[in-house]
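*Asks:* Structure for the following, please:
(2 chains)
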Amino acid sequence: MKKLLSLLLAAAMLLTLTAAFAEDSDLAYVQGKGKLVVGITDFAPMDYKNEAGEWIGFDADMAKAFGASIGVEVELIEIDWDNKVLELNGKTIDCVWNGMTLTDEVKSAMSCSNAYANNAQVVILPADKAASYADVPALSGLTFAVEAGSAGEAEVKALGYATTAVSTQADTLMEVAAGTSDAAVIDALMAAAMVGEGTGYAGLTYTFSLNSEEYGVGFRTGSDLVDALNAFLAASYADGTMQAIAETYGVQAAIIPQA
Amino acid sequence: MELIMKQMPIVFNALNVGFLHTLQLFFITLIGALPLGLLIALGTMSRFKLLSLFNRIVIWIVRGSPLMIQLLIIYYFPGLVLHNPIWGGGETGRFWAASVAFIINYACYFAEIYRGGIQSIPNGQTEAGLVLGMTHRQIFFHVKLLQMIKAIVPPISNEIITLVKDTSLSRIIALQEIIWAGQSFLKGSQGISGAVWPLFFTAIYYLVWNGIMTVALGRLEKRLSYFK
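*Replies:* Reported below is the predicted structural model:
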(Lines give C-alpha, C1' and ligand atoms only; values in the text may rest on other atoms or scores of the structure.)
Protein backbone atom coordinates (compact mmCIF):
# COMPACT_ATOMS: atom_id res chain seq x y z
CA MET A 1 0.00 0.00 0.00
CA LYS A 2 2.81 2.41 0.92
CA LYS A 3 4.72 1.45 -2.23
CA LEU A 4 1.65 2.06 -4.35
CA LEU A 5 1.13 5.44 -2.71
CA SER A 6 4.71 6.56 -3.31
CA LEU A 7 4.50 5.35 -6.89
CA LEU A 8 1.36 7.42 -7.43
CA LEU A 9 2.96 10.48 -5.86
CA ALA A 10 6.03 10.08 -8.05
CA ALA A 11 3.84 9.87 -11.14
CA ALA A 12 1.93 12.99 -10.11
CA MET A 13 5.22 14.90 -9.61
CA LEU A 14 6.48 13.83 -13.02
CA LEU A 15 3.33 15.18 -14.64
CA THR A 16 3.65 18.53 -12.82
CA LEU A 17 7.31 18.79 -13.85
CA THR A 18 6.59 18.21 -17.54
CA ALA A 19 3.85 20.80 -17.22
CA ALA A 20 6.32 23.36 -15.88
CA PHE A 21 8.52 22.93 -18.94
CA ALA A 22 5.74 23.90 -21.37
CA GLU A 23 7.12 26.40 -23.94
CA ASP A 24 6.04 30.02 -24.06
CA SER A 25 6.12 30.10 -27.85
CA ASP A 26 3.37 28.14 -29.54
CA LEU A 27 5.33 28.26 -32.82
CA ALA A 28 8.36 26.68 -31.09
CA TYR A 29 6.06 24.07 -29.51
CA VAL A 30 4.60 23.10 -32.88
CA GLN A 31 7.99 23.10 -34.60
CA GLY A 32 9.39 21.05 -31.73
CA LYS A 33 6.89 18.27 -32.26
CA GLY A 34 7.19 18.64 -36.06
CA LYS A 35 3.45 18.58 -36.65
CA LEU A 36 0.63 21.10 -36.86
CA VAL A 37 -2.65 19.44 -35.88
CA VAL A 38 -5.55 21.24 -37.59
CA GLY A 39 -9.07 20.78 -36.23
CA ILE A 40 -11.69 20.59 -38.99
CA THR A 41 -15.16 19.33 -39.77
CA ASP A 42 -16.39 17.89 -43.06
CA PHE A 43 -17.34 21.20 -44.72
CA ALA A 44 -17.16 21.43 -48.53
CA PRO A 45 -15.60 23.37 -50.21
CA MET A 46 -13.29 24.33 -47.31
CA ASP A 47 -12.36 20.91 -45.87
CA TYR A 48 -13.68 17.66 -47.37
CA LYS A 49 -12.51 14.22 -48.51
CA ASN A 50 -11.74 13.33 -52.12
CA GLU A 51 -12.39 9.87 -53.58
CA ALA A 52 -9.02 8.62 -52.32
CA GLY A 53 -10.08 9.58 -48.79
CA GLU A 54 -7.59 12.48 -48.48
CA TRP A 55 -8.65 15.81 -47.01
CA ILE A 56 -8.77 18.54 -49.65
CA GLY A 57 -10.50 21.90 -49.98
CA PHE A 58 -9.49 25.56 -49.88
CA ASP A 59 -8.77 25.54 -46.14
CA ALA A 60 -7.09 22.11 -46.21
CA ASP A 61 -4.73 23.08 -49.05
CA MET A 62 -3.91 26.43 -47.45
CA ALA A 63 -3.18 24.67 -44.14
CA LYS A 64 -0.80 22.25 -45.87
CA ALA A 65 0.99 25.16 -47.56
CA PHE A 66 1.27 26.99 -44.22
CA GLY A 67 2.69 23.87 -42.58
CA ALA A 68 5.32 23.60 -45.31
CA SER A 69 6.26 27.28 -44.81
CA ILE A 70 7.03 26.78 -41.09
CA GLY A 71 8.66 23.41 -41.74
CA VAL A 72 6.18 21.05 -40.10
CA GLU A 73 3.85 18.27 -41.23
CA VAL A 74 0.12 19.00 -41.21
CA GLU A 75 -2.39 16.57 -39.75
CA LEU A 76 -6.07 17.33 -40.41
CA ILE A 77 -8.34 15.82 -37.82
CA GLU A 78 -12.13 15.90 -37.59
CA ILE A 79 -13.40 17.30 -34.32
CA ASP A 80 -16.75 17.88 -32.68
CA TRP A 81 -17.31 21.57 -33.57
CA ASP A 82 -18.89 22.27 -30.17
CA ASN A 83 -15.63 21.23 -28.47
CA LYS A 84 -13.25 23.35 -30.56
CA VAL A 85 -12.07 25.59 -27.69
CA LEU A 86 -11.66 22.55 -25.44
CA GLU A 87 -9.56 20.87 -28.15
CA LEU A 88 -7.36 23.97 -28.59
CA ASN A 89 -6.73 24.57 -24.88
CA GLY A 90 -6.23 20.87 -24.25
CA LYS A 91 -3.55 20.98 -27.00
CA THR A 92 -5.13 18.05 -28.81
CA ILE A 93 -5.26 20.38 -31.82
CA ASP A 94 -3.16 23.48 -32.63
CA CYS A 95 -5.63 25.49 -34.68
CA VAL A 96 -9.19 25.58 -36.03
CA TRP A 97 -9.18 26.12 -39.81
CA ASN A 98 -12.63 25.34 -41.10
CA GLY A 99 -14.47 28.30 -42.59
CA MET A 100 -14.93 29.74 -39.12
CA THR A 101 -16.92 32.98 -38.93
CA LEU A 102 -15.09 35.62 -36.90
CA THR A 103 -17.77 36.53 -34.35
CA ASP A 104 -17.16 38.33 -31.05
CA GLU A 105 -17.63 35.02 -29.21
CA VAL A 106 -14.98 33.34 -31.36
CA LYS A 107 -12.55 36.24 -30.98
CA SER A 108 -12.88 36.26 -27.20
CA ALA A 109 -12.26 32.49 -26.89
CA MET A 110 -9.23 32.25 -29.20
CA SER A 111 -6.60 34.32 -30.97
CA CYS A 112 -7.63 34.71 -34.60
CA SER A 113 -5.78 35.36 -37.85
CA ASN A 114 -6.68 38.12 -40.30
CA ALA A 115 -9.89 37.43 -42.23
CA TYR A 116 -9.18 35.57 -45.48
CA ALA A 117 -12.62 35.01 -47.07
CA ASN A 118 -16.07 36.62 -47.16
CA ASN A 119 -19.25 34.85 -46.19
CA ALA A 120 -22.88 35.80 -45.54
CA GLN A 121 -25.90 34.43 -43.71
CA VAL A 122 -28.62 33.57 -46.22
CA VAL A 123 -32.31 32.78 -45.81
CA ILE A 124 -33.47 29.28 -46.83
CA LEU A 125 -37.10 28.82 -47.90
CA PRO A 126 -39.16 26.13 -49.60
CA ALA A 127 -38.72 26.83 -53.35
CA ASP A 128 -42.47 27.20 -54.00
CA LYS A 129 -42.88 29.86 -51.30
CA ALA A 130 -39.71 31.89 -51.91
CA ALA A 131 -41.45 34.37 -54.24
CA SER A 132 -43.80 35.62 -51.50
CA TYR A 133 -40.90 36.58 -49.22
CA ALA A 134 -38.83 39.04 -51.22
CA ASP A 135 -37.40 41.21 -48.42
CA VAL A 136 -36.66 41.24 -44.69
CA PRO A 137 -39.99 42.77 -43.48
CA ALA A 138 -41.92 40.09 -45.38
CA LEU A 139 -40.22 37.47 -43.21
CA SER A 140 -41.83 38.67 -39.97
CA GLY A 141 -44.12 36.09 -38.43
CA LEU A 142 -42.10 33.16 -39.77
CA THR A 143 -40.33 30.73 -37.44
CA PHE A 144 -36.62 30.29 -38.28
CA ALA A 145 -34.59 27.15 -37.66
CA VAL A 146 -31.03 28.17 -36.74
CA GLU A 147 -27.90 26.44 -35.47
CA ALA A 148 -27.49 27.04 -31.74
CA GLY A 149 -24.79 29.64 -31.13
CA SER A 150 -24.32 30.36 -34.85
CA ALA A 151 -23.95 33.68 -36.64
CA GLY A 152 -27.32 32.97 -38.27
CA GLU A 153 -29.05 32.74 -34.90
CA ALA A 154 -27.61 36.13 -33.89
CA GLU A 155 -28.89 37.74 -37.12
CA VAL A 156 -32.44 36.46 -36.76
CA LYS A 157 -32.57 37.37 -33.07
CA ALA A 158 -31.38 40.88 -33.92
CA LEU A 159 -34.41 41.20 -36.23
CA GLY A 160 -36.64 40.03 -33.39
CA TYR A 161 -38.12 37.10 -35.32
CA ALA A 162 -38.97 33.72 -33.73
CA THR A 163 -36.21 31.09 -33.73
CA THR A 164 -35.92 27.36 -33.09
CA ALA A 165 -32.35 26.38 -32.18
CA VAL A 166 -31.08 23.01 -33.43
CA SER A 167 -27.63 21.47 -33.15
CA THR A 168 -26.21 21.79 -36.70
CA GLN A 169 -26.78 23.86 -39.82
CA ALA A 170 -27.75 20.65 -41.63
CA ASP A 171 -30.51 20.06 -39.09
CA THR A 172 -31.98 23.48 -39.89
CA LEU A 173 -32.48 22.32 -43.49
CA MET A 174 -34.23 19.17 -42.30
CA GLU A 175 -36.55 21.38 -40.21
CA VAL A 176 -37.58 23.41 -43.27
CA ALA A 177 -37.87 20.33 -45.50
CA ALA A 178 -40.07 18.63 -42.89
CA GLY A 179 -42.17 21.77 -42.45
CA THR A 180 -41.46 21.99 -38.71
CA SER A 181 -39.94 25.45 -39.29
CA ASP A 182 -40.89 27.97 -41.96
CA ALA A 183 -37.37 29.07 -42.89
CA ALA A 184 -33.72 28.68 -41.93
CA VAL A 185 -30.61 30.87 -41.90
CA ILE A 186 -27.21 29.32 -42.76
CA ASP A 187 -23.79 30.16 -44.31
CA ALA A 188 -23.86 31.23 -47.96
CA LEU A 189 -21.01 28.91 -48.97
CA MET A 190 -22.78 25.99 -47.35
CA ALA A 191 -26.16 26.89 -48.84
CA ALA A 192 -24.64 26.94 -52.33
CA ALA A 193 -23.39 23.38 -51.82
CA MET A 194 -26.37 21.85 -50.02
CA VAL A 195 -29.59 23.43 -51.28
CA GLY A 196 -31.32 23.41 -54.66
CA GLU A 197 -31.27 21.23 -57.79
CA GLY A 198 -29.09 18.14 -57.62
CA THR A 199 -28.68 18.19 -53.83
CA GLY A 200 -30.46 16.29 -51.08
CA TYR A 201 -32.72 19.36 -50.64
CA ALA A 202 -34.02 19.97 -54.15
CA GLY A 203 -37.27 21.43 -52.75
CA LEU A 204 -35.49 24.26 -50.93
CA THR A 205 -33.87 27.41 -52.22
CA TYR A 206 -31.76 30.23 -50.77
CA THR A 207 -32.79 33.83 -51.20
CA PHE A 208 -31.10 37.01 -49.94
CA SER A 209 -28.41 37.48 -47.31
CA LEU A 210 -28.99 39.11 -43.93
CA ASN A 211 -25.40 40.30 -43.38
CA SER A 212 -21.86 39.88 -44.54
CA GLU A 213 -19.13 38.32 -42.45
CA GLU A 214 -15.60 36.96 -42.65
CA TYR A 215 -13.75 33.68 -42.16
CA GLY A 216 -10.55 33.38 -40.08
CA VAL A 217 -8.30 30.79 -38.45
CA GLY A 218 -8.36 30.30 -34.66
CA PHE A 219 -5.39 29.56 -32.39
CA ARG A 220 -4.84 29.23 -28.63
CA THR A 221 -5.18 32.60 -26.87
CA GLY A 222 -1.93 34.55 -27.11
CA SER A 223 -0.36 32.17 -29.63
CA ASP A 224 2.48 33.54 -31.79
CA LEU A 225 1.30 31.27 -34.61
CA VAL A 226 -1.20 34.04 -35.44
CA ASP A 227 1.64 36.35 -36.62
CA ALA A 228 3.27 33.49 -38.50
CA LEU A 229 0.00 32.76 -40.32
CA ASN A 230 -0.74 36.43 -41.11
CA ALA A 231 2.73 36.73 -42.64
CA PHE A 232 2.11 33.55 -44.65
CA LEU A 233 -1.31 34.78 -45.88
CA ALA A 234 0.22 38.08 -47.05
CA ALA A 235 3.06 36.28 -48.86
CA SER A 236 0.78 33.73 -50.54
CA TYR A 237 -1.61 36.47 -51.69
CA ALA A 238 1.30 38.52 -53.04
CA ASP A 239 2.69 35.65 -55.13
CA GLY A 240 -0.73 34.40 -56.23
CA THR A 241 -0.74 30.93 -54.60
CA MET A 242 -3.78 31.80 -52.48
CA GLN A 243 -5.78 32.87 -55.55
CA ALA A 244 -4.69 29.74 -57.43
CA ILE A 245 -5.86 27.45 -54.62
CA ALA A 246 -9.13 29.41 -54.37
CA GLU A 247 -9.78 28.91 -58.09
CA THR A 248 -9.32 25.14 -57.71
CA TYR A 249 -12.32 25.11 -55.35
CA GLY A 250 -14.37 27.87 -56.97
CA VAL A 251 -14.20 30.30 -54.05
CA GLN A 252 -11.99 32.98 -55.72
CA ALA A 253 -14.82 35.54 -55.54
CA ALA A 254 -14.88 35.30 -51.76
CA ILE A 255 -11.14 35.85 -51.15
CA ILE A 256 -10.10 38.91 -49.12
CA PRO A 257 -6.89 40.64 -50.35
CA GLN A 258 -4.04 40.28 -47.83
CA ALA A 259 -1.37 42.85 -47.08
CA MET B 1 -34.83 5.65 -54.83
CA GLU B 2 -32.37 6.08 -57.70
CA LEU B 3 -30.52 8.64 -55.61
CA ILE B 4 -30.25 6.19 -52.72
CA MET B 5 -28.92 3.47 -55.04
CA LYS B 6 -26.21 5.85 -56.20
CA GLN B 7 -25.31 6.80 -52.62
CA MET B 8 -25.20 3.22 -51.34
CA PRO B 9 -21.60 2.21 -52.18
CA ILE B 10 -20.14 5.38 -50.65
CA VAL B 11 -22.38 5.23 -47.57
CA PHE B 12 -21.83 1.53 -46.85
CA ASN B 13 -18.11 1.94 -47.24
CA ALA B 14 -18.12 4.74 -44.64
CA LEU B 15 -20.48 2.84 -42.30
CA ASN B 16 -18.28 -0.28 -42.49
CA VAL B 17 -15.19 1.71 -41.57
CA GLY B 18 -17.12 3.31 -38.71
CA PHE B 19 -18.44 -0.01 -37.47
CA LEU B 20 -14.92 -1.44 -37.52
CA HIS B 21 -13.96 1.30 -35.03
CA THR B 22 -17.05 0.42 -32.97
CA LEU B 23 -16.03 -3.24 -32.87
CA GLN B 24 -12.40 -2.44 -32.03
CA LEU B 25 -13.55 -0.38 -29.07
CA PHE B 26 -16.00 -3.13 -28.07
CA PHE B 27 -13.38 -5.90 -28.01
CA ILE B 28 -10.64 -3.81 -26.36
CA THR B 29 -13.11 -2.86 -23.63
CA LEU B 30 -14.04 -6.50 -22.97
CA ILE B 31 -10.40 -7.64 -22.98
CA GLY B 32 -9.49 -4.92 -20.49
CA ALA B 33 -12.60 -4.70 -18.33
CA LEU B 34 -13.37 -8.38 -17.69
CA PRO B 35 -10.09 -9.07 -15.76
CA LEU B 36 -9.88 -5.55 -14.28
CA GLY B 37 -13.41 -5.99 -12.93
CA LEU B 38 -12.38 -9.15 -11.09
CA LEU B 39 -9.45 -7.30 -9.49
CA ILE B 40 -11.74 -4.50 -8.34
CA ALA B 41 -14.32 -7.03 -7.05
CA LEU B 42 -11.68 -8.88 -5.02
CA GLY B 43 -10.50 -5.48 -3.74
CA THR B 44 -13.94 -4.53 -2.44
CA MET B 45 -14.11 -7.85 -0.55
CA SER B 46 -10.56 -7.53 0.79
CA ARG B 47 -9.85 -7.86 4.51
CA PHE B 48 -7.76 -4.66 4.26
CA LYS B 49 -10.36 -2.04 5.13
CA LEU B 50 -8.51 0.78 3.32
CA LEU B 51 -8.26 -1.14 0.03
CA SER B 52 -11.88 -2.18 0.23
CA LEU B 53 -12.99 1.40 0.96
CA PHE B 54 -10.83 2.77 -1.89
CA ASN B 55 -12.31 0.33 -4.38
CA ARG B 56 -15.84 1.04 -3.25
CA ILE B 57 -15.26 4.79 -3.67
CA VAL B 58 -13.90 4.22 -7.19
CA ILE B 59 -16.99 2.17 -8.07
CA TRP B 60 -19.25 4.87 -6.65
CA ILE B 61 -17.56 7.63 -8.70
CA VAL B 62 -17.44 5.65 -11.95
CA ARG B 63 -20.95 4.26 -11.77
CA GLY B 64 -22.34 7.48 -10.34
CA SER B 65 -21.18 9.88 -13.06
CA PRO B 66 -22.07 9.96 -16.77
CA LEU B 67 -19.78 8.03 -19.10
CA MET B 68 -19.88 11.00 -21.47
CA ILE B 69 -18.29 13.25 -18.83
CA GLN B 70 -15.71 10.53 -18.04
CA LEU B 71 -14.73 10.44 -21.73
CA LEU B 72 -14.30 14.23 -21.79
CA ILE B 73 -12.24 14.21 -18.59
CA ILE B 74 -9.94 11.38 -19.66
CA TYR B 75 -9.31 12.88 -23.09
CA TYR B 76 -9.03 16.60 -22.31
CA PHE B 77 -7.84 16.70 -18.67
CA PRO B 78 -4.13 15.90 -19.35
CA GLY B 79 -3.78 18.77 -21.82
CA LEU B 80 -6.10 21.26 -20.13
CA VAL B 81 -4.93 20.95 -16.55
CA LEU B 82 -1.52 19.26 -16.68
CA HIS B 83 -0.50 21.00 -19.95
CA ASN B 84 0.71 17.68 -21.25
CA PRO B 85 -1.60 16.31 -23.96
CA ILE B 86 -0.57 12.68 -23.55
CA TRP B 87 -3.13 11.34 -26.04
CA GLY B 88 -2.22 13.65 -28.94
CA GLY B 89 -4.78 14.95 -31.42
CA GLY B 90 -4.76 12.06 -33.88
CA GLU B 91 -7.29 9.29 -34.34
CA THR B 92 -5.14 6.75 -32.50
CA GLY B 93 -4.94 8.95 -29.41
CA ARG B 94 -8.69 9.44 -29.38
CA PHE B 95 -9.21 5.71 -29.70
CA TRP B 96 -6.93 4.91 -26.74
CA ALA B 97 -8.49 7.59 -24.56
CA ALA B 98 -11.93 6.16 -25.34
CA SER B 99 -10.65 2.65 -24.61
CA VAL B 100 -9.31 3.66 -21.20
CA ALA B 101 -12.58 5.38 -20.30
CA PHE B 102 -14.69 2.41 -21.38
CA ILE B 103 -12.44 -0.16 -19.66
CA ILE B 104 -12.58 1.68 -16.33
CA ASN B 105 -16.32 2.28 -16.61
CA TYR B 106 -17.26 -1.26 -17.56
CA ALA B 107 -14.80 -2.83 -15.08
CA CYS B 108 -16.74 -1.17 -12.26
CA TYR B 109 -20.06 -2.60 -13.47
CA PHE B 110 -18.46 -6.02 -13.98
CA ALA B 111 -16.93 -5.81 -10.48
CA GLU B 112 -20.35 -5.54 -8.87
CA ILE B 113 -21.62 -8.47 -10.96
CA TYR B 114 -18.59 -10.57 -9.93
CA ARG B 115 -19.12 -9.67 -6.28
CA GLY B 116 -22.74 -10.75 -6.52
CA GLY B 117 -21.63 -14.01 -8.14
CA ILE B 118 -19.00 -14.76 -5.51
CA GLN B 119 -21.26 -13.90 -2.59
CA SER B 120 -24.10 -15.99 -3.98
CA ILE B 121 -22.15 -19.16 -3.22
CA PRO B 122 -23.17 -20.54 0.19
CA ASN B 123 -20.59 -20.11 2.94
CA GLY B 124 -21.03 -23.80 3.76
CA GLN B 125 -18.89 -24.67 0.75
CA THR B 126 -15.97 -22.65 2.11
CA GLU B 127 -16.37 -24.27 5.51
CA ALA B 128 -16.52 -27.75 3.92
CA GLY B 129 -13.39 -26.98 1.93
CA LEU B 130 -11.55 -25.83 5.03
CA VAL B 131 -12.56 -29.00 6.89
CA LEU B 132 -11.16 -31.03 4.00
CA GLY B 133 -7.86 -29.17 4.43
CA MET B 134 -8.06 -26.96 1.30
CA THR B 135 -6.47 -23.49 1.29
CA HIS B 136 -8.56 -20.37 0.56
CA ARG B 137 -6.87 -20.13 -2.86
CA GLN B 138 -7.78 -23.74 -3.69
CA ILE B 139 -11.37 -23.23 -2.54
CA PHE B 140 -11.70 -20.13 -4.77
CA PHE B 141 -10.21 -21.63 -7.93
CA HIS B 142 -11.39 -25.27 -7.65
CA VAL B 143 -14.77 -24.91 -5.96
CA LYS B 144 -16.23 -21.44 -6.31
CA LEU B 145 -14.91 -19.98 -9.57
CA LEU B 146 -16.84 -22.12 -12.05
CA GLN B 147 -20.09 -21.79 -10.11
CA MET B 148 -19.54 -18.07 -10.01
CA ILE B 149 -18.92 -17.90 -13.77
CA LYS B 150 -22.16 -19.77 -14.34
CA ALA B 151 -24.09 -17.40 -12.11
CA ILE B 152 -22.73 -14.23 -13.72
CA VAL B 153 -23.16 -15.10 -17.41
CA PRO B 154 -26.73 -13.69 -17.71
CA PRO B 155 -25.99 -10.30 -16.07
CA ILE B 156 -22.66 -10.01 -17.92
CA SER B 157 -24.47 -10.71 -21.21
CA ASN B 158 -26.75 -7.83 -20.38
CA GLU B 159 -23.79 -5.47 -19.93
CA ILE B 160 -22.10 -6.73 -23.11
CA ILE B 161 -25.17 -5.90 -25.18
CA THR B 162 -25.36 -2.45 -23.58
CA LEU B 163 -21.65 -1.95 -24.31
CA VAL B 164 -22.16 -2.43 -28.06
CA LYS B 165 -24.54 0.54 -28.06
CA ASP B 166 -22.65 2.64 -25.49
CA THR B 167 -19.59 2.81 -27.76
CA SER B 168 -21.48 5.48 -29.70
CA LEU B 169 -20.89 7.89 -26.79
CA SER B 170 -17.23 8.10 -27.85
CA ARG B 171 -18.26 10.47 -30.62
CA ILE B 172 -18.10 13.23 -27.99
CA ILE B 173 -14.29 13.13 -28.31
CA ALA B 174 -14.64 12.80 -32.10
CA LEU B 175 -13.90 9.09 -32.31
CA GLN B 176 -15.34 8.24 -35.69
CA GLU B 177 -17.51 5.26 -34.90
CA ILE B 178 -20.55 4.25 -36.93
CA ILE B 179 -23.02 6.87 -35.71
CA TRP B 180 -20.51 9.61 -36.53
CA ALA B 181 -20.10 8.06 -39.99
CA GLY B 182 -23.87 7.88 -40.52
CA GLN B 183 -24.46 11.43 -39.34
CA SER B 184 -21.71 12.85 -41.57
CA PHE B 185 -23.95 12.40 -44.63
CA LEU B 186 -26.62 14.55 -43.04
CA LYS B 187 -24.23 17.49 -42.81
CA GLY B 188 -22.44 16.73 -46.05
CA SER B 189 -19.55 14.38 -46.76
CA GLN B 190 -18.03 12.85 -49.89
CA GLY B 191 -20.47 14.71 -52.09
CA ILE B 192 -23.59 13.49 -50.27
CA SER B 193 -25.47 15.97 -48.14
CA GLY B 194 -28.83 16.02 -46.48
CA ALA B 195 -29.08 12.21 -46.56
CA VAL B 196 -31.02 11.07 -43.50
CA TRP B 197 -31.21 7.33 -44.15
CA PRO B 198 -27.52 6.45 -43.38
CA LEU B 199 -27.96 7.65 -39.79
CA PHE B 200 -31.04 5.50 -39.23
CA PHE B 201 -29.46 2.59 -41.07
CA THR B 202 -26.70 2.35 -38.45
CA ALA B 203 -29.30 0.76 -36.15
CA ILE B 204 -29.30 -2.32 -38.44
CA TYR B 205 -25.60 -2.85 -37.79
CA TYR B 206 -26.17 -2.78 -34.01
CA LEU B 207 -29.17 -5.10 -34.32
CA VAL B 208 -27.26 -7.67 -36.37
CA TRP B 209 -24.23 -7.58 -34.08
CA ASN B 210 -26.36 -7.84 -30.95
CA GLY B 211 -28.22 -10.75 -32.55
CA ILE B 212 -24.92 -12.57 -33.00
CA MET B 213 -23.91 -11.73 -29.42
CA THR B 214 -27.24 -12.94 -28.01
CA VAL B 215 -26.93 -16.30 -29.77
CA ALA B 216 -23.27 -16.75 -28.75
CA LEU B 217 -23.90 -15.84 -25.10
CA GLY B 218 -27.00 -18.07 -25.03
CA ARG B 219 -24.87 -20.99 -26.19
CA LEU B 220 -22.29 -20.27 -23.53
CA GLU B 221 -25.02 -20.24 -20.89
CA LYS B 222 -26.27 -23.62 -22.11
CA ARG B 223 -22.81 -25.17 -22.02
CA LEU B 224 -22.38 -24.05 -18.42
CA SER B 225 -25.71 -25.49 -17.28
CA TYR B 226 -24.31 -28.91 -16.32
CA PHE B 227 -24.47 -28.32 -12.57
CA LYS B 228 -28.16 -28.83 -11.97
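
*Asks:* just checking, what packs against the host helix or strand of A:L125?
*Replies:* Applying DSSP states H and E as the criterion places A:L125 in strand A:121-126. The contact analysis (3 or more CB pairs under 8 Å, 6 or more residues apart in numbering or on different chains; DSSP states H and E) places strand A:121-126 against helix A:151-159, helix A:169-178, strand A:183-187, helix A:188-194, strand A:204-209. From N, CA and C alone the C-beta is placed, and that goes for glycine too.

*Asks:* okay if I get these as TSV plus mean neighbour count?
*Replies:* As requested, the helices and strands packed on strand A:121-126 are exported to TSV (neighbours: other CB atoms under 10 Å in any protein chain shown):
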stretch	mean neighbour count
helix A:151-159	19
helix A:169-178	21
strand A:183-187	27
helix A:188-194	21
strand A:204-209	18
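
*Asks:* Any chance of these in a markdown table with distance to A:T103 as columns?
*Replies:* Below are the helices and strands packed on strand A:121-126 laid out as a markdown table (distance: least, CB to CB, whole Å):
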| stretch | distance to A:T103 |
| --- | --- |
| helix A:151-159 | 6 |
| helix A:169-178 | 15 |
| strand A:183-187 | 12 |
| helix A:188-194 | 15 |
| strand A:204-209 | 16 |
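
*Asks:* What's the per-residue pLDDT of the nearest residue to A:G149 once chain neighbours are set aside here?
*Replies:* The spatial neighbour of A:G149 that comes closest, neighbours along the chain excluded (CB to CB, 6 or more residues apart in numbering or on different chains), is A:E105 at 7.4 Å. A:E105 carries a pLDDT score of 88 in this model.

*Asks:* Go through the helices and strands packed on strand A:121-126 and find the least confident stretch.
*Replies:* Ranked by mean pLDDT, these end with helix A:188-194 at the bottom, a mean of 81.

*Asks:* Chain B against chain A: which residues are in contact?
*Replies:* By CB under 8 Å from any CB of the partner chain, the residues of chain B that approach chain A are B:3, B:48, B:50-51, B:72, B:75-80, B:82-85, B:87-91, B:93, B:171-174, B:176, B:184, B:186-196.

*Asks:* So A:L76 lies in a strand, does it not?
*Replies:* Yes - A:L76 forms part of a strand when assessed by DSSP: H, G, I helix; E, B strand; the rest coil.

*Asks:* That one against A:D47, yeah?
*Replies:* Yes - counting by CB atoms under 8 Å, A:L76 touches A:D47, with 6.7 Å between them.

*Asks:* shared neighbours of those two, which are they?
*Replies:* Residues touching both A:L76 and A:D47 (CB atoms under 8 Å, 6 or more residues apart in numbering or on different chains): A:40, A:55, A:60.

*Asks:* and the first one, how many neighbours?
*Replies:* Going back to what we said before, that points to A:I40. For A:I40, the neighbour count with other CB atoms under 10 Å in any protein chain shown is 26.

*Asks:* ok, what's across the strand from it?
*Replies:* Beta-bridge pairing for A:I40 (DSSP bridges): A:E78.

*Asks:* and the gap between it and chain B?
*Replies:* Per CB to the nearest CB, to the nearest Å, A:I40 is found 10 Å from chain B.

*Asks:* Chain B: helices as residue ranges?
*Replies:* In chain B, the segments counted as helices under DSSP state H are B:2-44, B:49-64, B:67-80, B:91-119, B:123-131, B:136-138, B:145-166, B:178-187, B:197-223.

*Asks:* residue ranges of the helices in the stretch 1-150 of chain A, please?
*Replies:* Remark: helices assigned in the stretch 1-150 of chain A by DSSP state H, counting those that start in this stretch are A:2-20, A:26-33, A:58-69, A:84-89, A:104-109.
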